[in-house]
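K.L.:
requesting a structural model of the entry that follows:
(one chain, ligands or ions: 1)
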Amino acid sequence: MKFKKICVVGLGYIGLPTATIIASRKHHVVGLDVNPKAVESINNGQSHIVEPELDEMLHAAVSDGYLTAVSAAKPADAFLIAVPTPFKNDHEPDISYIEAAVKAIAPVLQPGNLVVLESTSPVGTTQKISEWLADERPDMTFPHIYGSNSDIRISHCPERVLPGKILRELVSNDRVIGGLTPQCSELSKELYEIFVEGNFVCTDARTAEMCKLAENSFRDVNIAFANELSLICDKLGIEVWELIELANLHPRVNILQPGPGVGGHCIAVDPWFIIHSAPEEARLIKQARLVNDGKPDWVVDKVDSAAELLRSRDAMTTVRVACLGLAFKPNIDDLRESPAVDICEVLSRNNAMEVLAVEPHIEKLPESLGQAAKLTSAKQAIAQADIVLLLVDHSAFKDIPLESLSGKQIIDVRGFWSGKTPV
Ligand code: SAJ
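P.N.:
Residues are numbered from 1 along each chain as shown. Now for the predicted structure:
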């Protein structure tokens with residue numbers, strides 16, 4: 001067995017499922033994380049993140065002795081880095097977590113080791129890893145100087161899994177592998193062959209880095225098109241959902257769905273890495289970001305106008321708004337970078353509004369909302385509300401009887417009730 005021990009650095013939404021799936025294939029995995037609580041719960045066989053099918057697989061991997069979590073690096077044959085790559089205030093990519101991960105593994109690195117970067121990263125980051133490691137370990141040789149003769153192999157193999165389907169997509173998705181040399185790619189392929197059933201395509205590191213950024217930017221631009229259409233249609237008095245359905249009957253048109261904005265840690269972040277590298281050229285990509293980031297304000301304006309109407313028409317002092325859905329997309333519990341949360345926060349700062357937040361997948365509101373809004377069941381919130389704002393199209397909301405919406409002002413930013421006029 002070439003990889004007797006594999007170290008996964010960063011046990012979050014990508015690292016933990018990856019570590020677990022490798023361990024499930026009976027390879028010894030050590031997971032390295034800076035969060036002691038995560039380390040403790042993983043060693044107890046419990047996941048600190050919510051992802052379908054993960055709990056059971058993790059529990060088995062830990063109790064069978066194939067997965068252990070640690071707080072300090074240990075020697076291994078391969079190191080897989082899956083740490084966050086956020087951006088700073090001015091949208092400059094922040095690769096400090098990668099740098100910290102690299103410095104953490106440097107002391108235990110041995111000739112023959114493989115280092116793979118999975119985190120979505122700006123173009124040039126894989127080469128930087130080689131440079132950082134060379135600074136830390138002058139006793140060894142690295143591919144950015146020694147090419148195929150180097151002691152250490154380094155590559156980028158971006159994760160491409162969809163939250164909610166991670167364990168399935170980890171196995172079935174094709175993988176792009178970008179080595180600093182062809183030998184680096186080849187060794188990385190052997191590592192991924194442990195659990196990937198999709199195809200492997202090898203390229204250089206810069207192309208692999210750009211490929212991942214291009215994938216998420218492509219989706220962002222397409223969502224921006226849908227969001228912009230929703231604004232135009234609203235102005236022109238056209239039902240955008242019907243319009244998209246009709247346009248998509250064309251064999252070469254596939255418009256995505258408008259929503260409250262784009263959330264999560266990937267699509268709203270990664271395009272900025274391209275914009276930062278090529279600000280003059282990335283004009284469409286930047287505009288798409290601005291369109292999507294502007295959508296929550298537009299939703300807030302819609303609610304404000306509806307509330308204003310109620311206040312002047314019915315002389316109301318406080319308007320109650322039921323906000324249906326807080327997660328960043330349907331049928332998950334993940335509130336990270338969720339436009340629905342941002343919208344609720346802004347609404348709840350309005351003293352003339354009472355926000356009844358509905359999120360069937362959580363038990364407690366995030367701190368940013370805890371004081372100002374109430375977590376309520378859909379039934380109760382709708383019964384009490386003057387305005388019903390549908391933000392996330394969770395399947396659970398299908399149970400809401402249309403009659404319960406009667407007499408309410410409805411703002412449906414997902415087209416959930418499109419074509420079903422409440423009675
Ligand atoms: N959204 C819309 N309208 C749509 C589709 C999505 O408003 O028609 C919104 C969602 O509600 C959400 C956001 O976009 O707020 C992003 O959701 P998503 O399902 O498009 O993507 P993510 O962030 O869950 O995962 C993406 C995926 N990338 C692509 O589909 C190109 C996934 O494959 C990547 O692995 C992941 O980013 C990542 O980690 O980079």
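K.L.:
from residue 309, how far off is the residue in the chain sticking out farthest from the centre?
P.N.:
Residue farthest from the centre of the chain, counting by C-alpha atoms, centre = their mean, is residue 315 at 42.9 Å. Using C-beta to C-beta, to the nearest Å, residue 315 is found at 12 Å from residue 309. The C-beta positions use only the backbone N, C-alpha and C, and glycine is treated the same way.
K.L.:
so residue 368 makes contact with residue 341?
P.N.:
Yes: counting by C-beta atoms under 8 Å, residue 341 is a contact partner of residue 368 at 7.0 Å.
K.L.:
in the chain, which spans are strands?
P.N.:
If DSSP state E is used as the criterion, the strands of the chain fall at 5-9, 28-32, 67-70, 78-81, 114-117, 153-156, 175-179, 200-204, 319-324, 353-358, 373-375, 387-390, 409-412.
K.L.:
most neighbours per residue, which of the ones you listed?
P.N.:
strand 153-156 (a mean of 28; mean count of other C-beta atoms under 10 Å).
K.L.:
please list the residues of the chain that sit near the ligand.
P.N.:
Applying C-beta under 6 Å from any ligand atom, one finds that the chain approaches the ligand through 120, 159-163, 215-216, 219, 223, 256-257, 259, 262-264, 266-267, 328-329.
K.L.:
just the buried ones among those residues, please.
P.N.:
Neighbour counting by 16 or more other C-beta atoms under 10 Å classes 120, 159-161, 163, 215-216, 219, 223, 256, 259, 262-264, 266-267, 328-329 among those as buried.
K.L.:
next step: these restricted to helices.
P.N.:
Filtering those for membership in helices, criterion DSSP state H, returns 215, 216, 219, 223.
K.L.:
okay, now the domains of this protein?
P.N.:
Following the assignment in automatic domain parsing, the chain carries domains at 5-198, 228-412.
K.L.:
okay, how far is it across the shortest one, tip to tip?
P.N.:
Counting by C-alpha to C-alpha, to the nearest Å, you get 16 Å between the two ends of domain 228-412.
K.L.:
try stretch 383-394
P.N.:
19 Å.
K.L.:
over to stretch 252-264?
P.N.:
28 Å.
K.L.:
next: stretch 161-169.
P.N.:
Start-to-end, stretch 161-169 (C-alpha to C-alpha) is 5 Å.
K.L.:
for it, what is the distance to the chain centroid?
P.N.:
11 Å (C-alpha atoms, centre = their mean, to the nearest Å).
K.L.:
could you do stretch 341-350 as well?
P.N.:
For stretch 341-350, the distance to the chain centre is 22 Å (C-alpha atoms, centre = their mean).
K.L.:
give the buried residues for that stretch.
P.N.:
341, 342, 343, 344, 345, 346, 347, 348, 350.
K.L.:
distance of the second one relative to residue 43?
P.N.:
Using C-beta to C-beta, we find residue 342 at a distance of 35 Å from residue 43.
K.L.:
could you give the bridge partners of residue 81?
P.N.:
Residue 81 has these beta-bridge partners by DSSP bridges: residue 9, residue 117.
K.L.:
now do the same for it: its pLDDT.
P.N.:
Residue 81 is assigned a pLDDT of 98 by the prediction.
K.L.:
next one: the one 3 residues further on
P.N.:
The per-residue pLDDT reported for residue 84 equals 95.
K.L.:
what of residue 50?
P.N.:
pLDDT, residue 50: 82.
K.L.:
tell me, how many residues neighbour it?
P.N.:
15 (other C-beta atoms under 10 Å).
K.L.:
assess the claim that it and residue 333 are in contact.
P.N.:
Yes: Residue 50 is in contact with residue 333 according to C-beta under 8 Å; the separation is 5.0 Å.
K.L.:
point out where this protein drops to low pLDDT.
P.N.:
The model of the chain has pLDDT under 70 over residues 421-423.
K.L.:
same thing but at 50, please
P.N.:
Applying pLDDT under 50 to the chain flags no residue at all.
K.L.:
in the stretch 301-423 of the chain, which residue sits nearest the ligand?
P.N.:
residue 329 (3.7 Å; C-beta to the nearest ligand atom).
K.L.:
how about that residue, what does it touch?
P.N.:
With contact taken as C-beta atoms under 8 Å, 6 or more residues apart in numbering, residue 329 is in contact with 163, 164, 263, 264, 392.
K.L.:
switch the cut-off to 7 Å
P.N.:
Applying C-beta atoms under 7 Å, 6 or more residues apart in numbering to residue 329 gives the contacts 263, 264, 392.
K.L.:
I'd assumed residue 338 was in contact with the first one.
P.N.:
Yes: taking C-beta atoms under 7 Å as the definition, residue 263 is a contact partner of residue 338 at 4.4 Å.
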